[in-house]
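**Student:** Predicted structure and sequence below. I'll ask about it afterward.
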Amino acid sequence: MSTTITAQPGTPFIEITREFAASPDKVLRAHTDPELVVRWLGPRGMEMELLEFDARSGGGYHYVHRDDRGEYRFRGVYHTVSADRIIQTFEFEGAPGEVCLESMTLIDLGGRTRIEGRSVFPSVEARDAAVASGMENGITQSYERLDEVLA
Amino acid sequence: MSLEEEGLDRAFTALGDPVRRALVARLSRGEATVNELAEPFEITKQAISRHIQVLEQAGLITRSRDGQRRPCHLVPAALEALTGWIDTYRLATERTYRRLDAVLETLEEEQ
């Protein structure tokens, strides 16, 4: 059930695999229905606001994650949204021009769904920086949890 | 680049090879000699020895002496440094997907 991540050194890719206890139809809805997306996407403890969200082939998105420390804006376009595939671009506005190409395939396991995602970064350096910032984020979240334990 | 980063570079480069990953996987189940490690592979013992040397230089394995045997061992601390590096990113993603699990559960209930 847990997330598998592959980030081969020296490549600009991140590959993610995860299984869900729901049909591909529901997993797709959770990715494309704006009311559902705000309930799960993004880092823990951050509020998500959708400025634009049109999850159809040719559509686009623009959203903000906010907490007391600031806000982080992301945008991109949906190249393909079909029953078993989402292909989209992804750009953090804090690093303009570093546009990722993300594809996700939904595999029907009969009542369960496996998603296989691949992000292609513009360079190995951009990929490594994204992993490193994920680490910072993870460390911040760990400290927040420690705060909760200590409170 | 810091010493620590150079170590990570060497270790990740060493693991960027399917044979060496298979050797590490085998050693995670316990020590083994070069002969024992070479057995499941269709490549020469010399080639396996070279792979082992790369893993040794990257600090991922060590070799000890036990009479005539010179078994290879994993260095657990070195592997922890590697998994620790990647795992924080994985855990951040996993937390997001756990929220998606919860959303998907509510979708079941709606039907």
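**Tutor:** The structure has been received and is ready for your questions. Residues are numbered from 1 along each chain as shown, chains lettered A, B, ... in the order given.

**Student:** and the longest strand belonging to chain A, how far from the chain's centre?
**Tutor:** Longest strand of chain A, by residue count under DSSP state E: strand A:70-82. Remark: strand A:70-82 is offset 9 Å from the chain centroid, using Cα atoms, centre = their mean, to the nearest Å.

**Student:** now swap in stretch B:69-78 and tell me
**Tutor:** 12 Å.

**Student:** Could you list the contact residues of chain A toward chain B?
**Tutor:** A:2-5, A:7-10, A:16, A:18, A:20-22, A:26-27, A:29-30, A:36, A:39-44, A:131, A:134-135, A:137-139, A:141 (Cβ under 8 Å from any Cβ of the partner chain). Placement of C-beta: from N, CA and C, glycine included.

**Student:** try 7 Å this time
**Tutor:** Counting by Cβ under 7 Å from any Cβ of the partner chain, chain A comes close to chain B at A:2-3, A:5, A:7-10, A:16, A:18, A:20-22, A:26-27, A:29-30, A:36, A:39-44, A:131, A:134-135, A:137-139, A:141.

**Student:** could you pull out the helices for chain A?
**Tutor:** For chain A, applying DSSP state H gives helices covering A:24-32, A:34-37, A:124-150.

**Student:** and what of chain B?
**Tutor:** Under DSSP H, chain B gives helices at B:3-15, B:18-27, B:34-38, B:45-57, B:76-110.

**Student:** who's in contact with B:P71?
**Tutor:** Contacts for B:P71 (Cβ atoms under 7 Å, 6 or more residues apart in numbering or on different chains) come out as B:31-33, B:63-64.

**Student:** tell me the contacts of A:S23?
**Tutor:** Residues near A:S23 by Cβ under 7 Å, 6+ apart: A:111, A:113.

**Student:** what about 10 Å?
**Tutor:** A:S23 sits next to A:29, A:106, A:108-113, B:104, B:107-108 when contact means Cβ atoms under 10 Å, 6 or more residues apart in numbering or on different chains.

**Student:** State the phi and psi torsions of it.
**Tutor:** In terms of degrees, to the nearest 10, the main-chain angles of A:S23 are phi -70, psi 160.

**Student:** Please report how far the most centrally placed residue in chain B lies from chain A.
**Tutor:** The centroid of chain B falls nearest to B:V24 when counting by Cα atoms, centre = their mean (5.4 Å). If you measure B:V24 against chain A using Cβ to the nearest Cβ, to the nearest Å, the figure is 15 Å.
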